[in-house]
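After the sequence you'll find the predicted model.
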Amino acid sequence: MTLTLLLLQLTVILIVARACGLLLRAFGQPMVVGEMAAGILLGPIVFGALFPQWHAALFPPASLQGLSSLASLGIVLFMFVVGAELRAPSGVAAQVKAAGWVGVSSMALPMVLGLAIAPVLHPTLAPAGLPFWPFALFLGVALSITAFPVLARILKDRGMTRTPVGQLALGAAGVVDSLAWVLLALVVAFASAGNGFAGFVRITLGLAALVALVFLVVRPALAWLLRVHAPDGVPSPMVLAGLMIGLFACAMVTEWLHLHAVFGAFLFGVSLPRDDRLLKHLMERLEPLSIVVLMPIFFALAGLGTTSGAFADAGLGAMGLILGVAMFGKIAGAAAGARVCGYDWRDSLATGALMNSRGLMELIVIKVGLDAGLIGAELFTMLLVMALVTTAATGPLLTLVARQRSQDVRGAPNH
């Protein structure tokens with residue numbers, strides 16, 4: 001691949017991503033929804049179908065390795081920031097308990113439903129030779145994801161960050177993210193263990209050793225480094241270089257363990273001190289590169305991995321089943337958890353709508369599954385569409401709940 005072609009690809013990807021993001025933002029959607037849609041537009045379903053010769057010339061298979069490397073770097077940087085941004089639920093004990101209830105219930109129901117529909121999907125959508133349980137367990141995890149970063153941005157855009165529902169959803173999303181990445185790591189370890197149970201044990205023990213090393217050795221060392229050399233929360237270039245070395249080393253170890261680099265990146269981000277000043281400066285330095293430049297490449301590669309065959313024959317029925325289970329499981333599960341903790345039905349449904357947002361996190365999860373051989377191109381396409389639809393539905397569902405609340409208030413009798 002020539003440098004000219006790579007630069008042309010990057011130019012086209014960024015133009016389409018920005019244009020789609022701005023277009024959908026005008027309709028009240030987060031930019032990430034437009035950028036995800038841009039990936040589908042650049043793939044074989046739209047661009048490849050309308051202009052097959054241009055598509056083949058712009059994205060020849062031999063040229064995709066360079067884009068893949070850049071996209072992987074973007075995912076690693078993004079997951080590092082997500083780990084650093086993750087906060088445990090704060091506040092009184094009742095709020096922490098409610099976040100835990102909503103987080104667990106919003107994962108449990110879609111995961112159970114995913115396992116329930118797996119026997120229907122496995123015969124036609126599982127990669128050849130893949131046993132049932134790795135496929136089913138991955139499907140359950142994939143349907144239970146909530147996008148913590150996208151959720152935070154939706155709440156900020158709608159002025160809901162400090163509301164009880166917003167704080168409940170943020171805390172619950174933090175619980176989901178933490179549990180989901182642990183479960184996904186175990187599923188990938190299970191599937192990657194080519195030597196059966198012994199291989200799974202070896203990978204799991206390796207991951208446990210890395211977690212122990214990071215939290216018992218690396219985390220105290222990072223706290224000392226930042227306390228001494230960045231007391232104001234602003235890392236110098238030398239300190240930032242040290243953080244990047246630790247990040248890439250952790251990502252390398254999880255990749256070497258046959259998991260995925262994203263697990264190491266997320267783990268290293270979680271190990272950082274919970275310092276809002278540090279987080280602010282990391283986001284200012286890393287997000288412009290990872291979010292603006294590298295992640296659109298990831299979306300484009302995700303779109304190139306889709307196939308129009310996903311919607312042929314019985315594909316539309318499977319797509320509808322996946323979408324229905326994903327939305328019902330998330331909304332009903334989260335709403336039930338909120339109701340158990342004393343929230344009224346309107347706030348509970350609003351919480352469910354927020355937890356239904358999957359966004360970029362879902363794309364990373366399904367890309368991990370595709371790379372690990374847990375799903376094929378058809379199911380990858382369906383889950384990508386599901387992530388796009390559920391994220392785009394968050395705003396309209398919140399508006400619908402708010403409108404219903406206003407009608408109830410107006411219709412209430414005056415005393």
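Alright, I've got the coordinates.

CA atoms for contacts and neighbours, from now on please.
Noted.

Name the residue closest to the centre of the protein, please.
Met361 (0.5 Å; CA atoms, centre = their mean).

Starting from the one helix or strand it maps to, tell me the next helix or strand along the chain.
Using DSSP states H and E, Met361 falls within helix 359-371. Downstream of helix 359-371, the first helix or strand assigned by DSSP H and E is helix 377-411.

buried stuff in the one helix or strand in the chain whose mean pLDDT sits lowest?
Comparing helices and strands within the chain by mean pLDDT, DSSP states H and E singles out helix 148-157 as the least confident, with a mean of 78. Within helix 148-157, the residues that count as buried by 16 or more other CA atoms under 10 Å are Phe148, Pro149, Val150, Leu151, Ala152, Arg153, Ile154, Leu155.

now the angle from the next helix or strand after it to helix 359-371?
Per DSSP H and E, the first helix or strand lying C-terminal to helix 148-157 is helix 164-192. Per axes from the mean of the first three to the mean of the last three CA atoms, to 10 degrees, the angle that helix 164-192 makes with helix 359-371 is 10 degrees.

Which secondary structure elements does helix 164-192 sit against?
Contacting helix 164-192 under the criterion 3 or more CA pairs under 8 Å, 6 or more residues apart in numbering; DSSP states H and E are the following elements: helix 93-125, helix 132-143, helix 148-157, helix 197-213, helix 345-355.

Closest one of the buried residues of helix 148-157 to Met79?
Closest approach between the buried residues of helix 148-157 and Met79, by CA to CA: Pro149, at 10.1 Å.

end-to-end on stretch 272-281?
Stretch 272-281 has an end-to-end distance of 13 Å (CA to CA, to the nearest Å).

What are the buried residues along stretch 287-298?
Glu287, Ser290, Ile291, Val292, Val293, Leu294, Met295, Pro296, Ile297, Phe298.

Convert it to PDB, retaining C-alpha atoms only.
Output of stretch 287-298 as PDB, limited to C-alpha atoms (Å, rounded to 0.1, in the frame of the first residue of the first chain):
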ATOM      1  CA  GLU A 287      -9.200  12.600  23.000                       C
ATOM      2  CA  PRO A 288      -8.500  14.800  20.000                       C
ATOM      3  CA  LEU A 289      -6.300  12.100  18.500                       C
ATOM      4  CA  SER A 290      -8.300   9.100  19.600                       C
ATOM      5  CA  ILE A 291     -11.800  10.400  19.100                       C
ATOM      6  CA  VAL A 292     -11.500  12.800  16.200                       C
ATOM      7  CA  VAL A 293      -8.900  11.000  14.100                       C
ATOM      8  CA  LEU A 294      -8.400   7.300  15.000                       C
ATOM      9  CA  MET A 295     -11.900   6.200  16.100                       C
ATOM     10  CA  PRO A 296     -13.500   7.100  12.700                       C
ATOM     11  CA  ILE A 297     -11.000   4.700  11.200                       C
ATOM     12  CA  PHE A 298     -12.300   2.000  13.500                       C
END
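
what's it in contact with?
Residues outside stretch 287-298 that contact it (CA atoms under 8 Å, 6 or more residues apart in numbering): 10, 13-14, 17, 35-36, 39, 67-68, 70-75, 77-78.

Can you flag which of those residues belong to helices?
10, 13-14, 17, 35-36, 39, 67-68, 70-75, 77-78 (DSSP state H).

ChimeraX command to pick out the buried ones of those?
Restricted to buried positions by 16+ other CA under 10 Å, the ChimeraX selection for the ones in helices among the contacts of stretch 287-298 reads:
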select :10,13,14,17,35,36,39,67,68,70,71,72,73,74,75,77,78
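
so where's the stretch 301-415 of the chain shaky on pLDDT?
Applying pLDDT under 70 to the stretch 301-415 of the chain flags the ranges 314, 405-415.

one more time with 80
308-315, 402-415 (pLDDT under 80).

circling back to that earlier point, output the buried residues of stretch 287-298 as TSV; include the columns secondary structure.
Formatted as TSV, the buried residues of stretch 287-298 follow (DSSP: H, G, I helix; E, B strand; the rest coil):
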residue	secondary structure
Glu287	helix
Ser290	helix
Ile291	helix
Val292	helix
Val293	helix
Leu294	helix
Met295	helix
Pro296	helix
Ile297	helix
Phe298	helix
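
Go through the residues you listed and name the one nearest Ala191.
Checking these one by one against Ala191 (CA to CA), the nearest turns out to be Phe298, at 23.7 Å.

got a list of what Leu5 touches?
Contacts for Leu5 (CA under 8 Å, 6+ apart) come out as Leu58.
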